[in-house]
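Colleague: Attaching a predicted model along with its sequence, questions to come.
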Amino acid sequence: RKEVEQDPGPFNVPEGATVAFNCTYSNSASQSFFWYRQDCRKEPKLLMSVYSSGNEDGRFTAQLNRASQYISLLIRDSKLSDSATYLCVVTHQTGANNLFFGTGTRLTVIP
Amino acid sequence: NAGVTQTPKFRVLKTGQSMTLLCAQDMNHEYMYWYRQDPGMGLRLIHYSVGEGTTAKGEVPDGYNVSRLKKQNFLLGLESAAPSQTSVYFCASSTLKALAKNIQYFGAGTRLSVL
């Protein structure tokens, strides 16, 4: 079973729409959770961390449900510049804090 | 600001050839990582290093070797390339302080095709 599973999409939404991505993780010992963004043919970049209480950064809201081992990302008022692949990432907090990546969910925001 | 630099950016190899991918960081980071990214698989850790002179295996180490002779450089070697090693390779680095926030800084990637 994959460490992190995501719906690959693609999600095609109009500008201004609200879109939600979900991911599940298999290891109950996972300790830290993140969303990374990856533009086409570019490197991944940290978008935001995900905290148990849920957290918001502008138009982006991340939530974590430890009991269900489920992470979500909500994007409100989608912009064209939000078009990218969103990667769900977890870590087990080992010595090197190795990251485990989901396959990513592709989002295209349409004018 | 250079950050994490990977060379080469692109490479085409024939089956059985060898090559070395270079990752260099100018941020004095202790931790360095090599990942590969394949369609439908996400990024997977190949090898990592927690300091100069030390390396460790990640999730998919077979067919690769690494060396960290200098703190700023992390080399990934393919001794005998196979088509299954066609992928995009990303290097990343981090510090203990950044790791507390689980932040890794990625290079721009190396696209490798093995024919």
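Modeller: Received, thanks. Numbering: from 1, shown residues only, chains lettered A, B, ... in the order given.
Colleague: Quickly list what residue A:55 is bridged to.
Modeller: Beta-bridge partners of residue A:55, counted by DSSP bridges, are residue A:62.
Colleague: pretty sure it is in contact with residue A:48, am I right?
Modeller: Yes - in this structure, residue A:55 sits in contact with residue A:48. The criterion is CB atoms under 8 Å, and the distance is 7.0 Å. Bear in mind the C-beta positions are built from the backbone N, C-alpha and C, glycine included.
Colleague: Secondary structure element for the most centrally placed residue in chain B, which one?
Modeller: Nearest to the mean C-alpha position of chain B, by CA atoms, centre = their mean, lies residue B:34 at 2.7 Å. Element membership for residue B:34 (DSSP states H and E) is strand B:31-38.
Colleague: same deal with residue A:47?
Modeller: Element membership for residue A:47 (DSSP H and E) is strand A:44-50.
Colleague: hmm, back to that, quick check: angle from the strand holding residue B:34 to strand A:44-50?
Modeller: Strand B:31-38 runs at 100 degrees relative to strand A:44-50, counting by axes from the mean of the first three to the mean of the last three CA atoms, to 10 degrees.
Colleague: Show me which residues of chain A are close to chain B?
Modeller: Counting by CB under 8 Å from any CB of the partner chain, the positions of chain A adjacent to chain B are A:2, A:4, A:8, A:32, A:34, A:41-46, A:49, A:87, A:91, A:95-99, A:101-104.
Colleague: and if we set it to 10 Å?
Modeller: Remark: the part of chain A in contact with chain B comprises A:2-6, A:8, A:31-34, A:36, A:38, A:41-46, A:49, A:87-91, A:93-104, using CB under 10 Å from any CB of the partner chain.
Colleague: Buried ones among those residues?
Modeller: A:3-6, A:32-34, A:36, A:38, A:43-44, A:46, A:49, A:87-91, A:96-104 (16 or more other CB atoms under 10 Å in any protein chain shown).
Colleague: so residue A:76 touches residue A:15, yeah?
Modeller: No - using CB atoms under 10 Å, residue A:76 makes no contact with residue A:15, being 11.9 Å away.
Colleague: and the strand holding residue A:47, which strands flank it?
Modeller: strand A:32-38 (antiparallel).
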